[in-house]
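Trainee: fold the following, please.
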Amino acid sequence: MKTVRGMKIVSHDESQLRSLDELMRVFCSAKRYAFNRLLEGRNAKDIIKHLPHQFRLNKRFAEDAVLLAQSLISSQRELLPIRLEDVRAKIEKTEKKIDDYQHGRKTLKNVDLPTCLDGLHRRLEKWKSKEAELKHHLDQGTIPGVIFGGKENFYKRLKGNITNEEWKDLRSNQLYARGDKSKKGNLNIRLTYDDKTYQCYVEIANPLEQQKGKHAPRLRLPVLVPEKYEEEIIDLIMGEPVGVNAKGKPIIEYQPYTVEIQRKNGEYYIHLIYEEEVYGRELTDDEPIQAERIAGMDINMDRIAVSIVSKHGNFLKSKVFYCHELEYVRANKRNNIVGETVRDVYDWLLQENVGAVVIENIQLRQRHDTDKRFNRFTHNFKKKKLTDTIIRRGMRLGFRIKKVNPAYTSVIGRFKYRKKYGLS
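Mentor: The predicted structure is shown next:
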């Protein structure tokens, strides 16, 4: 299972931080260059050969820049059908509203009919133009334009709300390096641990300052590791002894890990990505659940309702875990609430000796309406985040997880459980 851990660089060495900023700037420039050349039809191998000469990067950084560009292009292509489907749903909804207002099936309170219809027709025209654009890209095998640094920030720059320097910083705030088992886990961005000072460091190869015939010097910056992940991360970066060589020195086997460094508001954050061994797993559609006690979870926007049943489907216990704040709080706080709520759920399931979890395999979609509150509610909720957290924590704790078709589950619940046990 792929696991991501967050850390933070806590160095006050301005010289090294400036060198890191410059390396980020060059890497992001190489990524944008590779992205544009790939769209022109250039071969990825040719781009990798060219990047070290033009941007002074080593071969591995060049490969990573091309890899990120390829991932961005492929993700945009995968999203095209979904975006087109959403736009068509919005067109259908808008046309229905126009028809309802024109024929009196809907009435207006605070605005006159001509003004309302004019606004809806403008909206319809906008979405039809978007539909034609997306369909053209889908037919031609191209992708819509991508703004590195963000569309919102791009328009802020056009209006003069952010400076040119701030705009450049937003476009050059990433450094990425893939893991390599044969290179102590990672060659270009390596995490180390000093067991004398009990401090973790990140060592970053800096080919921009490399002299001819010598290895690239490394930036060495202290890293703040969250206490709850400290032991796990140290074990990962220190490797595992697997024997001794002919000279009597220990042979260390390292696990590959990928590192991404991002700069945000003047702070430097590290995302450590690696494969974690877990004891649970996700069951396939036709695979039976082998457990004496099974928990069914109903995931809503403000609560997780959990019911425990026997292997024959007979009700045993039920409990609701509330998380009302998810509608209002910001992303970081929301992620924290999700984590704490899911932790409480599994603490209860472990106490009840539950061995498997069943969740509905559904997606929350917007109404494609002008209801701003509902659109914001469903967008900010991030149901996928909550579902993923349930699956990941369950697998880590050894549970069997199964997604099921939600068809008729409400009917079953109403007749088998609600009337007999008084459940909602």
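
Trainee: who does Pro271 bridge with?
Mentor: One thing to correct before we go on: residue 271 is His, not Pro. Gly6, Glu260 (DSSP bridges).

Trainee: can you pull the contacts of it?
Mentor: With contacts defined as C-beta atoms under 8 Å, 6 or more residues apart in numbering, His271 is in contact with Val4, Arg5, Gly6, Val259, Glu260, Ile261, Gln262. No exception for glycine: its C-beta is placed from N, CA and C like everyone else's.

Trainee: and which of the residues you listed is nearest to Gln290?
Mentor: Closest approach between the contacts of His271 and Gln290, by C-beta to C-beta: Val4, at 30.4 Å.

Trainee: so where does that closest one fall, helix or strand?
Mentor: strand 2-9 (DSSP states H and E).

Trainee: ditto for Asp298
Mentor: Going by DSSP H and E, Asp298 is part of strand 293-299.

Trainee: could you list the residues in contact with that strand?
Mentor: Strand 293-299 has contacts (C-beta under 8 Å, 6+ apart) with 304-311, 316, 345, 349, 352-360, 383, 386-387, 390.

Trainee: now the buried members of those.
Mentor: When these are checked for burial by 16 or more other C-beta atoms under 10 Å, the buried set is 304-309, 345, 349, 354-360, 383, 386-387, 390.

Trainee: just these: which are in helices?
Mentor: Those of the buried ones among the contacts of strand 293-299 mapping onto helices are Val345, Leu349, Lys383, Leu386, Thr387, Ile390, per DSSP state H.

Trainee: with pLDDT and distance to Lys126 added, can I get the residues you listed in a markdown table?
Mentor: A markdown table is the format used below for these (pLDDT from 0 to 100; distance: C-beta to C-beta, whole Å):
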| residue | pLDDT | distance to Lys126 |
| --- | --- | --- |
| Val345 | 96 | 42 |
| Leu349 | 96 | 48 |
| Lys383 | 70 | 27 |
| Leu386 | 82 | 32 |
| Thr387 | 86 | 32 |
| Ile390 | 93 | 38 |
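
Trainee: farthest pair within those?
Mentor: That would be Leu349 and Lys383, which, of these, are the farthest apart (C-beta to C-beta) at 20.2 Å.

Trainee: what does the domain assignment say about the protein?
Mentor: Following the TED database, the chain resolves into domains at 174-275, 281-421.

Trainee: can you tell me how far Lys109 sits from Cys116?
Mentor: 10 Å (C-beta to C-beta, to the nearest Å).

Trainee: kindly report the same for Lys159.
Mentor: 29 Å.

Trainee: more neighbours, the two?
Mentor: Comparing Lys159 with Cys116 by other C-beta atoms under 10 Å, the one with more neighbours is Cys116, at 16 against 8.

Trainee: ranking helices and strands of this structure by mean pLDDT, which lands last?
Mentor: When each helix and strand of the chain is scored by mean pLDDT, DSSP states H and E, helix 372-381 comes last, with a mean of 59.

Trainee: tell me where the stretch 151-300 of the chain has strands.
Mentor: Taking DSSP state E, counting those that start in this stretch, the strands of the stretch 151-300 of the chain run over residues 174-177, 189-194, 199-205, 218-224, 240-244, 250-253, 257-264, 267-275, 281-282, 293-299.

Trainee: deepest-packed of these, please.
Mentor: strand 174-177 (a mean of 22; mean count of other C-beta atoms under 10 Å).

Trainee: wait, doesn't Thr337 sit right on Glu327?
Mentor: For residue 337 the amino acid is Ile, not Thr. No. Contact criterion C-beta atoms under 8 Å: Ile337 and Glu327 do not qualify, at 10.6 Å.

Trainee: where in the stretch 201-350 of the chain is pLDDT low?
Mentor: Counting by pLDDT under 70, the stretch 201-350 of the chain contains low-confidence ranges at 331.

Trainee: 50 instead, please
Mentor: Along the stretch 201-350 of the chain, no part satisfies pLDDT under 50.

Trainee: do the same with the stretch 51-200 of the chain
Mentor: Judged by pLDDT under 50, no stretch of the stretch 51-200 of the chain qualifies at all.

Trainee: rewinding a little: can you lay out the strands of the stretch 151-300 of the chain as CSV showing distance to Ile91?
Mentor: Formatted as CSV, the strands of the stretch 151-300 of the chain follow (distance: least, C-beta to C-beta, whole Å):
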stretch, distance to Ile91
strand 174-177, 36
strand 189-194, 46
strand 199-205, 49
strand 218-224, 49
strand 240-244, 57
strand 250-253, 56
strand 257-264, 37
strand 267-275, 38
strand 281-282, 36
strand 293-299, 30
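
Trainee: of those strands, which is nearest Ile143?
Mentor: Ile143 lies closest to strand 174-177 among these, at 20.0 Å (C-beta to C-beta).

Trainee: contacts for stretch 60-74, please.
Mentor: Counting by C-beta under 8 Å, 6+ apart, 27, 30-32, 34-35, 38-39, 44, 47-48, 51-52, 55, 57, 143, 146, 176-178, 187-188, 205, 207 sit against stretch 60-74.

Trainee: out of these, list just those in strands.
Mentor: Among these, DSSP state E puts Tyr176, Ala177, Ala205 in strands.

Trainee: where do the helices sit along this structure?
Mentor: For the chain, applying DSSP H gives helices covering 14-39, 44-55, 59-102, 113-140, 151-158, 164-171, 230-238, 331-351, 372-381, 383-396, 409-412, 419-421.

Trainee: counting contacts, what elements does the last one pack onto?
Mentor: Contacts of helix 419-421 with other secondary structure elements, assessed using 3 or more C-beta pairs under 8 Å, 6 or more residues apart in numbering; DSSP states H and E, are made with strand 315-322.

Trainee: who does the strand it packs on pair up with?
Mentor: Strand 315-322 has these strand partners (DSSP bridges): strand 303-310 (antiparallel).

Trainee: now the strand it pairs with and strand 293-299, what's the angle there?
Mentor: 160 degrees (axes from the mean of the first three to the mean of the last three C-alpha atoms, to 10 degrees).

Trainee: what's the angle from strand 303-310 to helix 383-396?
Mentor: 40 degrees.
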